[in-house]
Structure formats: structure tokens, C-alpha cells
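# no sequence on this one, just coordinates:
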């Protein structure tokens with residue numbers, strides 16, 4: 001889901017995976033929606049409007065509606081805002097002022113008309129509009145430049161987060177370091193608070209030992225925790241019986257699994273990355289450069305976990 005910022009690089013990467021049947025939620029569809037429709041990846045569209053702004057009408061959007069290719073659910077802008085607010089506050093609906101003279105209010109299923117308990121006047125109620133949430137544990141994150149330590153990003157999504165990712169909401173929880181147990185507890189508590197006790201649907205954890213247990217604590221029912229690194233150390237043994245109460249699952253990922261079993265794909269991906277580097281479309285961040293004679297200092301700097309990006313040793 002996106003409201004204004006356009007995560008085009010993220011969208012292109014998602015569509016490259018050839019996933020289908022997305023539920024696309026957007027106040028204004030625009031270019032991101034055009035890309036998803038071009039890829040024939042949208043099953044249902046929940047929207048207020050879609051255009052390419054100064055570039056005119058959105059052709060794929062218009063074609064999809066004219067040919068009835070996708071399921072649509074059209075909302076008024078204020079109702080969508082209130083529907084999202086209702087989900088945020090864990091309420092079944094939120095009130096908004098009834099628009100005057102709109103056919104949408106006669107056909108839309110996103111609202112119902114009620115009467116104010118205080119004034120007796122008509123009031124519209126927008127039903128809650130739920131999106132899924134992702135919790136990302138990383139060694140460092142970009143909020144306003146490179147940061148040492150850990151930050152945890154929440155992303156708003158539609159449908160199941162492990163297969164259908166639509167964009168960033170840009171909400172960050174600050175933590176001092178992933179090896180700080182107090183910070184790890186705070187992340188779990190804040191995640192539950194921000195989701196009104198529901199928990200997050202998907203956790204991507206590159207840290208391991210300090211965050212795994214807390215991540216399981218703040219997973220939503222039927223949630224998924226994917227462990228793809230252990231910068232904070234190897235995790236403790238997991239009692240699988242603890243997964244049953246909320247029917248959650250834990251999986252692991254290691255890049256060598258791909259490189260060993262799919263060498264052609266690995267080679268293809270490497271060639272694409274180098275091509276993007278040569279074209280200047282992909283920037284490789286060099287965190288710090290050390291003379292080769294200071295290799296020991298470079299190792300200490302790496303172990304201090306203050307580093308971001310790549311460290312270079314120059315002969």
C-alpha cells in the first residue's frame with residue numbers, strides 16, 4: 001500500500017518475482033498501479049482514483065475497468081482515511097461526513113449511514129480497512145543517513161505479507177543496539193502497541209539471538225518469521241511447541257543455498273548487478289577505507305558494529 005511516495009525500484013523488484021493476485025490498496029493509483037496492471041498481477045483494487053497527473057489518464061487502469069479484468073472497490077478519499085484509522089485503533093468503523101451529490105455513496109459498500117447519538121443528524125461510518133504489517137530486524141537502517149545499531153521498520157501491505165508486498169509506510173521504531181536486551185523487549189512491545197495487540201504478519205530477521213524470541217512474541221496469528229542472518233549471534237534452540245498457540249511459522253534462509261543449487265540463476269543475478277553498477281543505477285556504499293597495514297584495526301572496527309556498507313583494505 002502507498003499513499004504518496006512511489007517506491008518504484010521496490011515495485012519493479014517485486015514484479016520481477018512474477019507474483020500474482022495482489023490486492024492493491026491506494027488512495028491514488030498512478031504509476032505504481034500501472035506497473036502492477038501491466039504485469040497482470042492485480043486481483044483486486046481498492047482505490048479512490050487513479051491518473052498519471054500532468055501526464056494524463058492512466059491507460060492500464062482504464063483498460064482494466066473497461067474490460068472488467070479485476071475486482072474493484074471504490075472508496076471516497078475521506079472514507080478511506082477513516083477506514084485506515086479504524087483499523088489503527090482496532091475499531092469496526094469510523095465516522096465521516098456524508099458527501100453530497102455523489103453516486104458513489106449510493107453504490108459503494110465501504111460505508112453505511114447512521115445517526116449521530118448526540119445531534120440526531122445523519123453520519124456516515126466507514127468500515128475498517130486492514131492491511132498487513134511487516135517487522136524488519138536489520139544491523140543498520142536508513143532513516144536520515146547511515147546509522148550504527150538497529151532500527152526496525154514497519155511496512156504497510158495487503159494480503160499475506162510473505163508474498164504480496166506493495167510499499168513502505170515509513171514508520172520506524174528506534175532501538176539503540178540489537179545486542180541490547182532492553183531495546184529488543186521495547187521493539188516487541190512497541191510492535192504490539194502499534195498494531196493494537198494484533199502483532200505483525202511477517203518478520204524478516206537478520207540479527208538472530210537478541211531478537212528472535214521477541215519477534216515470536218509480537219507475531220500475529222498465522223504470522224511468519226524468516227531468519228536470514230545472525231549478526232547478533234546464533235539463536236538459542238527453538239522449542240517448536242511454542243509455535244502452536246498462535247499457529248505461527250519460522251523459516252531460515254541462506255544465500256549459499258541459492259548459489260550451490262541454482263548456479264545459473266546466481267550467475268545471471270551477478271551479471272545484472274554488475275551491469276547496474278556500471279550504468280550507475282546501483283551505488284555500492286563504501287563505509288570506510290583502511291591501509292592494508294591497519295587490517296587489525298579494520299577487523300576491530302567491523303566487530304564494533306559501528307560500520308555500515310563495505311570496508312576496503314588498500315595495499
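That came in fine, so what should we check first? Here the structure is a predicted model, which means the values were calculated and not measured.
# what are the boundaries of the strands in this structure?
Per DSSP state E, the chain carries strands over the ranges 22-28, 42-49, 71-74, 93-96, 111-115, 122-127, 132-137, 151-157, 171-174, 200-205, 219-227, 249-252, 286-291, 310-314.
# for the protein, give me the ranges with low pLDDT.
Within the chain, the set of residues satisfying pLDDT under 70 comprises 1-6, 133-186.
# the lengthiest helix in the chain packs against which elements?
When the chain is scanned for its longest helix (criterion: DSSP state H), the result is helix 263-278. Contact here means 3 or more Cβ pairs under 8 Å, 6 or more residues apart in numbering; DSSP states H and E; on that basis helix 263-278 packs against helix 255-261. From N, CA and C alone the C-beta is placed, and that goes for glycine too.
# could you give the number of residues near the closest residue to residue 289 other than its chain neighbours?
Using Cβ to Cβ, 6 or more residues apart in numbering and skipping residues adjacent in sequence, the residue nearest residue 289 is residue 312, 4.7 Å away. Applying other Cβ atoms under 10 Å, we find 13 residues neighbouring residue 312.
# same thing with residue 295?
Residues near residue 295, counting by other Cβ under 10 Å, number 11.
# surely it and residue 314 touch.
No - taking contacts as Cβ atoms under 8 Å, residue 295 lies outside contact range of residue 314: 10.4 Å.
# ok so, going back, how far is the longest helix of the chain from where the chain is centred?
Taking Cα atoms, centre = their mean, to the nearest Å, one finds helix 263-278 lying 25 Å from the centre of the chain it belongs to.
# what sits up against it?
258-259, 282, 284 (Cβ atoms under 8 Å, 6 or more residues apart in numbering).
# could I get the residues you listed in a markdown table, plus columns for distance to residue 306 and neighbour count?
Output for these, formatted as a markdown table (distance: Cβ to Cβ, whole Å; neighbours: other Cβ atoms under 10 Å):
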| residue | distance to residue 306 | neighbour count |
| --- | --- | --- |
| 258 | 30 | 13 |
| 259 | 29 | 14 |
| 282 | 24 | 13 |
| 284 | 19 | 9 |
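# quick check, nearest of those to residue 201?
residue 258 (24.5 Å; Cβ to Cβ).
# now the closest one: closest residue in space that isn't a chain neighbour?
Nearest non-adjacent residue to residue 258, counting by Cβ to Cβ, 6+ apart: residue 266, 6.0 Å away.
# returning to that earlier point: the longest helix of the chain: which residues count as buried?
By 16 or more other Cβ atoms under 10 Å, helix 263-278 has no buried positions at all.
# related to what we said a few turns ago, please tell me how far the residue nearest to residue 258 sits from residue 295.
29 Å (Cβ to Cβ, to the nearest Å).
# likewise residue 9?
In this view, residue 9 and residue 295 are 35 Å apart by Cβ to Cβ.
# can you give me the neighbour number for the residue lying closest to residue 290 once chain neighbours are set aside?
In this structure, residue 290 finds its nearest non-sequential neighbour in residue 298, 4.2 Å apart by Cβ to Cβ, 6+ apart. By other Cβ under 10 Å, 18 other residues sit near residue 298.
# test my guess that residue 298 contacts residue 313.
Yes - at 6.0 Å, residue 298 and residue 313 qualify as touching, with contact defined as Cβ under 8 Å.
# common neighbours of the two, please.
Between them, residue 298 and residue 313 share the contacting residues residue 290, judged by Cβ under 8 Å, 6+ apart.
# now residue 120, what are its backbone angles?
phi 80, psi 0 (degrees, to the nearest 10).
# that older thread, which ones are touching the residue nearest to residue 290?
Counted by Cβ under 8 Å, 6+ apart, residue 298 has contacts 288, 290, 311, 313.
# can you check residue 249 too?
The contact partners of residue 249, by Cβ under 8 Å, 6+ apart, come to 223-225, 243.
# out of these, who has the most neighbours?
Within the contacts of residue 249, most neighbours by other Cβ under 10 Å means residue 223, with 28 neighbours.
# thanks a lot, see you next time.
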